[in-house]
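**Q** I'd like to go over a predicted model; first the sequence, then the structure.
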Amino acid sequence: MATARQRIWGWWFFDWASQPYNTLLLTFIFGPYFAETARGYYMGTGMEEEAAKAAAQAYWGFGLTIASVIVAVLAPILGAIADGTGRRLIWVWIFSIFYVVGAYGLWWVMPGGEASTLVWAVAFFGLGFIGMEFTTIFTNALMPTLSDHDDIGAISGSGFAFGYLGGLLALILMLALFAENATTGKTLIGIDPLFGLDTESREGTRMVGPLTAIWYVIFMIPFFLWVKEPKMPAGRLHVGAALASLVDLLKSLRFRKSLAAYLGSSLAYRDALNALYGFGGVYASHVLDWSITEIGVFGILGSITAMFASWVGGRLDRRYGPRFVIGWSIVVLILVCTVIVGMTRESLWGIAMDPASNTPDIIFYICGGLIGAAGGPLQAASRTMLVRHTTPDRATEAFGLFALSGKVASFISPFLIAVVSHYSESARIGISPVILLFLIGLVMLIWVNPKGEQP
C-alpha cells in the first residue's frame, strides 16, 4: 500500500516521464528538424527560401491543428465517461500506448524531399501528441485526491518543476550523445553520435523519437506502482449518462461566472503559450538561422528557468493564490512576444542591429529564459485554479472541459499562425496572433474569483 508521500511522488513522475514530448519533440529537437526537412522539400519544388520557410511553418501549424481538434472533441466526453465509471487509470494506460507509438515512429522520418515524409512525420507526431494530452487530462484529474486544497498549489508547482528537470536532463542527454550538428556531424560535446548512428541520414537527431518513448516507459513505472484510483463507487460504462452529465455541466456555466470566465481566459492564454512552445524552435530555425544544436542550448536555458520558476511559483500560489501567478506570468509573456515579433537579425522594431553580431542571439536567449520562467508557473497555477472550481468526484470531467477550452484555441492558434505565415510569407510575422490571445486571457481574468468556488 503506497503512502501519501509515495502517491505524490508517483504523480510527480508523470510530469518527469512526459515532459520530453514537449521539450524534445514539440519545441527543441524534432520541431526544428521537421522545419529543416519541410523547408528543403518546398525549396526543391522551386520556392524561394523565405516562402519555403513560411510554407513549412504553415504545414506544421495545420498538423497541430488537426491533432488539437481531435483532443478538443473527445476530451470532455472521455472525461465524463471516466467520472461516471470511476475509472481513470485505464485511460492513462490506453493513451500511454498512443504516446509511445507516436514518439517512437518519428525514427522513420528521413531527411529528404518527399511529400510522404512530411505526412508521416505529422501523423506520428499527432498520434503521440494526442496520447500526451489525454494522459495529462486523466493524471491531472487525480490531483484533488493527493492532499488538502491549501497544498495543491505547491504540489502542482513542484510537479512542474520536477517535470522540467526531467525534460532538461533528457535534452542534455540528447544533445550530448545523439543530436548531430548538420555541418560537423558531431554532438554538442564534440563526439560522434552513440551506437554508430549515421550522421548523413540524421540518425542522431532522429533518435529523439525512440529516446522520448523509452524515457516515458521507464519513468512511468513509479506512477503505475504508487498512484491508485481513489476509493469511489464504481459505475458502469454508460455513454448516454456521461454525455448528459457533460451537458449539465455546460449548462451550469451560466450560473458559474467565475468558472466560465476562467475557462474563457485559459482558452486564450494557455494555447498562446502552447503556440510559443510549438513554434519557438521553428522560429529560431527560420528567422535566426539557428542549428538544432543552438536551439537545444536555448532549450536548456528555458528549461532551467522554468524549473526554478515553477517551484517558486508554487510557493507564490500557496501564498497569494493562482490568479496572481497567472496574471503576472501573462504580462511577462506579452512583453516577450512583442520583442520576438519585432526582431530580425538586422533590427529590433526599427532599431538597427549588426546581423553579424551576437546581439539578436543574446536577445532571443533572454526571451527564451523569460518564456520558461513565465510558462512554467503559468501552467502549474492553471491546474490549481481549476481545482478550486471542482470537486474530486467531478475532476476528470472538469479537466476534460478544461482541455476542451484550451484546445478550442489550441487549434485556432496554430491555424492563425499557419494562415498569417502563409499570406505574409514571413515566419516572424506569423507568430503575431499569440499576442492578441495573451491579451484576451489577461482581460478575462478580471472576472475570475481568486478563490474559485471553494468556501
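**A** Thanks, I have the structure now. Note that this is a predicted model, so its numbers are computed, not measured.

**Q** residues contacting Leu253?
**A** The contact partners of Leu253, taken as Cβ atoms under 8 Å, 6 or more residues apart in numbering, are Leu259, Ala260, Leu263. C-beta: built from backbone N, CA, C; applies to glycine.

**Q** cool, Gly350 as well?
**A** Applying Cβ under 8 Å, 6+ apart, the residues contacting Gly350 are Gly342.

**Q** any idea of the pLDDT on it?
**A** Among the per-residue scores, Gly350 holds a pLDDT of 74.

**Q** also Ser357?
**A** 79.

**Q** cool, and Val331?
**A** 94.

**Q** if we can go back for a sec, top of the contacts of Leu253 by neighbour count?
**A** Leu259 (24 neighbours; other Cβ atoms under 10 Å).

**Q** helix, strand or coil for it?
**A** helix (DSSP: H, G, I helix; E, B strand; the rest coil).

**Q** my read: it touches His389, true?
**A** Yes - counting by Cβ atoms under 8 Å, Leu259 touches His389, with 4.5 Å between them.

**Q** can you put the contacts of Leu253 in TSV and add pLDDT?
**A** Formatted as TSV, those follow (pLDDT from 0 to 100):
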residue	pLDDT
Leu259	82
Ala260	83
Leu263	83
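
**Q** out of those residues, who's nearest Leu106?
**A** When those are compared for distance to Leu106 (Cβ to Cβ), Leu263 wins out at 32.7 Å.

**Q** chain center to the strand or helix carrying that closest one, what's the gap?
**A** According to DSSP states H and E, Leu263 maps onto helix 257-287. Offset of helix 257-287 from its chain centre (Cα atoms, centre = their mean, to the nearest Å): 9 Å.

**Q** can you name every helix or strand that it contacts?
**A** Judged by 3 or more Cβ pairs under 8 Å, 6 or more residues apart in numbering; DSSP states H and E, helix 257-287 is in contact with helix 30-44, helix 49-85, helix 292-320, helix 322-341, helix 359-387, helix 395-424, helix 433-444.

**Q** skipping its backbone neighbours, what lies nearest Met220 in space?
**A** Distance criterion Cβ to Cβ, 6 or more residues apart in numbering; nearest residue to Met220, sequence neighbours excluded, is Ala17 at 4.7 Å.

**Q** wait, the one you found touches Ile214, no?
**A** No - the criterion here is Cβ under 8 Å, and Ala17 misses it with Ile214 at 10.6 Å.

**Q** contacting residues for Gly441?
**A** Here Gly441 is in contact with Ser265, Ser266, Leu267, Ala268, Tyr269, Arg270, Ala272, Ile330 (criterion: Cβ under 8 Å, 6+ apart).

**Q** give me the number of neighbouring residues for Ala261.
**A** Count around Ala261 with other Cβ under 10 Å applied: 17.

**Q** check Leu78 too.
**A** 22.

**Q** what's the answer for Leu436, then?
**A** 15.

**Q** what's the answer for Val71, then?
**A** Applying other Cβ under 10 Å, I find that Val71 has 24 neighbouring residues.

**Q** send the alpha carbons of the one helix or strand Phe14 maps to over as PDB?
**A** In this assignment (DSSP H and E), Phe14 forms part of helix 4-20. C-alpha atoms of helix 4-20 as PDB (Å, rounded to 0.1, in the frame of the first residue of the first chain):
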ATOM      1  CA  ALA A   4       0.500   9.500   0.900                       C
ATOM      2  CA  ARG A   5       4.000  10.800   0.100                       C
ATOM      3  CA  GLN A   6       4.600   8.000  -2.400                       C
ATOM      4  CA  ARG A   7       1.400   8.800  -4.200                       C
ATOM      5  CA  ILE A   8       2.500  12.400  -4.600                       C
ATOM      6  CA  TRP A   9       5.900  11.300  -5.900                       C
ATOM      7  CA  GLY A  10       4.300   8.900  -8.200                       C
ATOM      8  CA  TRP A  11       2.100  11.600  -9.500                       C
ATOM      9  CA  TRP A  12       5.100  13.900 -10.000                       C
ATOM     10  CA  PHE A  13       6.800  11.200 -12.000                       C
ATOM     11  CA  PHE A  14       4.200  11.500 -14.700                       C
ATOM     12  CA  ASP A  15       5.400  15.100 -15.300                       C
ATOM     13  CA  TRP A  16       9.000  13.800 -15.300                       C
ATOM     14  CA  ALA A  17       8.200  11.000 -17.800                       C
ATOM     15  CA  SER A  18       6.000  13.000 -20.200                       C
ATOM     16  CA  GLN A  19       7.800  16.400 -20.300                       C
ATOM     17  CA  PRO A  20      10.300  15.200 -23.000                       C
END
